[in-house]
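S.K.: test case, fold it:
(2 chains)
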Protein chains: 2
Amino acid sequence: MEVFEDIHGLRTFIKRIKENKKDIGLVPTMGSLHEGHVALIRKCKSLSNISVVSIFVNPTQFGPKEDFNQYPRDLGGDLKICAMEGVDVVFCPSKEGMYHNNFRTIVKVEGLSEVLCGTFRPGHFDGMVTVVLKLFLIVSPDRSFFGEKDYQQLVIIKQMVKDLNIPVSIHSVETQREEDGLAFSTRNRYLSYTERTLALSIYSALLEGKRMFIAGNVSPVMIYRVARDKLVSSGLKNIDYISLVEPNTLITPNKAYTMCRLLIAAKIGSNRLIDNIAI
Amino acid sequence: MEVFEDIHGLRTFIKRIKENKKDIGLVPTMGSLHEGHVALIRKCKSLSNISVVSIFVNPTQFGPKEDFNQYPRDLGGDLKICAMEGVDVVFCPSKEGMYHNNFRTIVKVEGLSEVLCGTFRPGHFDGMVTVVLKLFLIVSPDRSFFGEKDYQQLVIIKQMVKDLNIPVSIHSVETQREEDGLAFSTRNRYLSYTERTLALSIYSALLEGKRMFIAGNVSPVMIYRVARDKLVSSGLKNIDYISLVEPNTLITPNKAYTMCRLLIAAKIGSNRLIDNIAI
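M.R.: Numbers count the residues shown, from 1 in each chain, chains lettered A, B, ... in the order given. You can find the predicted model right below:
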């Protein structure tokens, strides 16, 4: 496994790979790898000659009051997981390597970045797509892999790729869950036992909403209500949003239909958790 | 000479070129080619195996009250010039080919795009860098060529390329002038005889400013004044700006120094002309 910290070294390596007509898959991560990332890596490996994992906690996607400094870092552990999974290349640049002093460019996907999580995390998606675009331009992958857990992120990246004619195909991998249904997330490790129990109600509420849809001809408002009731009755009151949206526009439709996405974001203690399912 | 209107056809062609290990130079234009463009094409040809000229009047860099509809188009004439100059590939996409119905992504180079021309043309540089990035991602050139006449554009593109790690090198070509000193510009053709005479005072004012600098230890304000006096005494009163700026930051320095850029934008009738020189 090759590990690169500097862009130039990685690019030289990538150039040689391309000359040998091998194709490249990229899994962009912020490290602290868990089962969700591992599923992405496995899908990447199954479809690509060369698998690249990037590990970079991107400062520009954290708000001034968010947990950039507290966000967990475990490069040693991450490298072990990558090696075990047979990753070919790990790219773990420094903050200074990615953002020079006089950095000024920002990418915005308008209309999709200000809703849902964007309402609560202004600027988050601008920082995220900008760094993803940089990674695409550094690694020049043929395909890249993102989890459905960050559903809004996935939709925004697909839109950017289409709009800017980026020559990469975006693959999504379904949300990986612990045995009790909790979606794997880097921030789960900070949950106390009580908080973790409370966190389970998010997935229960999503399933409740889905059951309501399957049961019959129901409106988005009815699905919203049953999910909200489930959260509140479980004791989870700090809800950022519960939204049923069209899969590509993130707009709430007049009528629920298959493939719509039900999304929930809620705070539990100081942790903000998100989850979603297709209904 | 190959002419492509659709992105897919061009990409297939480019892929073959890359497989043959030939490098690619791109000259992005809005068509209506003049001597300024020809100088870019010649520089491109001298440095690249394969020269690509794009011709696209980009709607997103025109303001709602600007001259997008009136902007001259002459694809037939442009193709003749490209063929005469030995261009290998012309890419002339349609508006619909470049911007699908649901286009949402915008690139911003903050701090450089709101000053000088950006003050008078809000959003212009966002539209410009977004389409240039799209062209880079479609053509994947090794190098690209821009004229110094659009000096702010050149600085902003260099900044974007650096910030986003775009694997292209940016080359600039000095402003081409008619015998009397007027910078070649697509919009010159709209000038009446009287307006054209008036337009000459822009270059005279730039030279006056430069002479002032060469004469001795002078401040930006003194250079500004002598240039302004020249314009006003020539009868040119509709001045958008006269600015002496640092070459990369576009900030006015405390003290003029070699390589600083003196820039002028002024309206003559309904035409807005820009010009600049290094002092």
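S.K.: ok, for whatever residue of the stretch 1-150 of chain A ends up closest to chain B, nearest residue in space, not its chain neighbours?
M.R.: Residue of the stretch 1-150 of chain A nearest chain B, by Cβ to the nearest Cβ: A:T105 (3.7 Å). For the C-beta atoms, the positions are set from N, CA and C on the backbone; glycine is no exception. Nearest-residue entry for A:T105: B:D163, 3.7 Å, with adjacent residues in sequence omitted and distances by Cβ to Cβ, 6 or more residues apart in numbering or on different chains.
S.K.: quick revisit: quick check: beta-bridge partners of the residue of the stretch 1-150 of chain A closest to chain B?
M.R.: For A:T105, the beta-bridge partners are B:V109 (DSSP bridges).
S.K.: related to what we said a few turns ago, for the residue nearest to A:T105, give me the backbone phi and psi.
M.R.: The phi/psi pair for B:D163 (degrees, to the nearest 10) reads phi -60, psi -40.
S.K.: do the one 10 residues further on as well
M.R.: In terms of degrees, to the nearest 10, the main-chain angles of B:V173 are phi -130, psi 140.
S.K.: can you tell if stretch A:141-159 touches chain B?
M.R.: Yes - judged by Cβ under 8 Å from any Cβ of the partner chain, stretch A:141-159 comes into contact with chain B at A:Q159.
S.K.: measure that stretch end to end?
M.R.: 17 Å (Cα to Cα, to the nearest Å).
S.K.: who's the nearest residue to A:R187 once chain neighbours are set aside bridged to?
M.R.: Spatial nearest neighbour of A:R187, excluding adjacent residues (Cβ to Cβ, 6+ apart): A:N271 at 4.9 Å. Using DSSP bridges, the beta-bridge partners of A:N271 come out as A:I268.
S.K.: got a list of what the residue nearest the centre of chain A touches?
M.R.: Nearest residue to the geometric centre of chain A (Cα atoms, centre = their mean): A:D150, 3.6 Å. Listed by Cβ atoms under 8 Å, 6 or more residues apart in numbering or on different chains, the contact set of A:D150 reads A:I274.
S.K.: do the same with A:F184
M.R.: A:F184 neighbours (Cβ under 8 Å, 6+ apart): A:H34, A:E35, A:G36, A:K149, A:T175, A:Q176, A:R177, A:E178.
S.K.: any chance of those residues in CSV, plus secondary structure and neighbour count?
M.R.: Output for those, formatted as CSV (DSSP: H, G, I helix; E, B strand; the rest coil; neighbours: other Cβ atoms under 10 Å in any protein chain shown):
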residue, secondary structure, neighbour count
A:H34, coil, 16
A:E35, helix, 12
A:G36, helix, 22
A:K149, coil, 21
A:T175, coil, 19
A:Q176, coil, 18
A:R177, strand, 15
A:E178, coil, 15
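S.K.: can you list these in JSON lines and add pLDDT and distance to A:S185?
M.R.: JSON lines is the format used below for those (pLDDT from 0 to 100; distance: Cβ to Cβ, whole Å):
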{"residue": "A:H34", "pLDDT": "98", "distance to A:S185": "7"}
{"residue": "A:E35", "pLDDT": "98", "distance to A:S185": "10"}
{"residue": "A:G36", "pLDDT": "98", "distance to A:S185": "7"}
{"residue": "A:K149", "pLDDT": "98", "distance to A:S185": "7"}
{"residue": "A:T175", "pLDDT": "98", "distance to A:S185": "10"}
{"residue": "A:Q176", "pLDDT": "98", "distance to A:S185": "10"}
{"residue": "A:R177", "pLDDT": "98", "distance to A:S185": "10"}
{"residue": "A:E178", "pLDDT": "96", "distance to A:S185": "10"}
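S.K.: and those residues, which is closest to B:V245?
M.R.: For these, the minimum distance to B:V245 (Cβ to Cβ) is 46.8 Å, reached by A:K149.
S.K.: for the closest one, which non-adjacent residue is closest in space?
M.R.: Per Cβ to Cβ, 6+ apart, closest to A:K149 is A:T175, 4.4 Å.
S.K.: surely that neighbour and A:L40 touch.
M.R.: No - between A:T175 and A:L40 there is no contact under Cβ atoms under 8 Å: 11.1 Å.
S.K.: does anything pack onto the lengthiest helix in chain A? Which helices or strands?
M.R.: For chain A, the longest helix by residue count, based on DSSP state H, is helix A:193-215. If contacts are counted by 3 or more Cβ pairs under 8 Å, 6 or more residues apart in numbering or on different chains; DSSP states H and E, helix A:193-215 sits against helix A:220-233, strand A:239-245, strand A:261-268, strand A:271-278.
S.K.: need the winner for burial among the ones you listed.
M.R.: strand A:261-268 (a mean of 22; mean count of other Cβ atoms under 10 Å in any protein chain shown).
S.K.: for that strand, name the packing helices and strands.
M.R.: Against strand A:261-268 (3+ Cβ pairs under 8 Å, 6+ apart) you get helix A:151-164, helix A:193-215, helix A:220-233, strand A:239-245, strand A:271-278.
S.K.: residues touching A:S54, list them.
M.R.: Residues near A:S54 by Cβ under 8 Å, 6+ apart: A:L26, A:V27, A:P28, A:T29, A:V90, A:F91, A:C92, A:P93, A:L135, A:V139.
S.K.: on the three-state scheme, the first one is what?
M.R.: When you say that, I think you mean A:L26. Here A:L26 is recorded as strand under DSSP: H, G, I helix; E, B strand; the rest coil.
S.K.: what's around it, how many residues?
M.R.: Counted with other Cβ atoms under 10 Å in any protein chain shown, residues neighbouring A:L26 total 27.
S.K.: also the fifth one?
M.R.: By other Cβ under 10 Å, 24 other residues sit near A:V90.
S.K.: buried residues in stretch A:249-265?
M.R.: Neighbour counts over stretch A:249-265 (16 or more other Cβ atoms under 10 Å in any protein chain shown) mark A:L250, A:A256, A:C260, A:R261, A:L262, A:L263, A:I264, A:A265 as buried.
S.K.: list the contacts for the last one?
M.R.: Counting by Cβ under 8 Å, 6+ apart, A:A265 touches A:L116, A:C117, A:F120, A:I239, A:D240, A:Y241, A:R272, A:L273, A:I274.
S.K.: fine, thanks again, bye for now.
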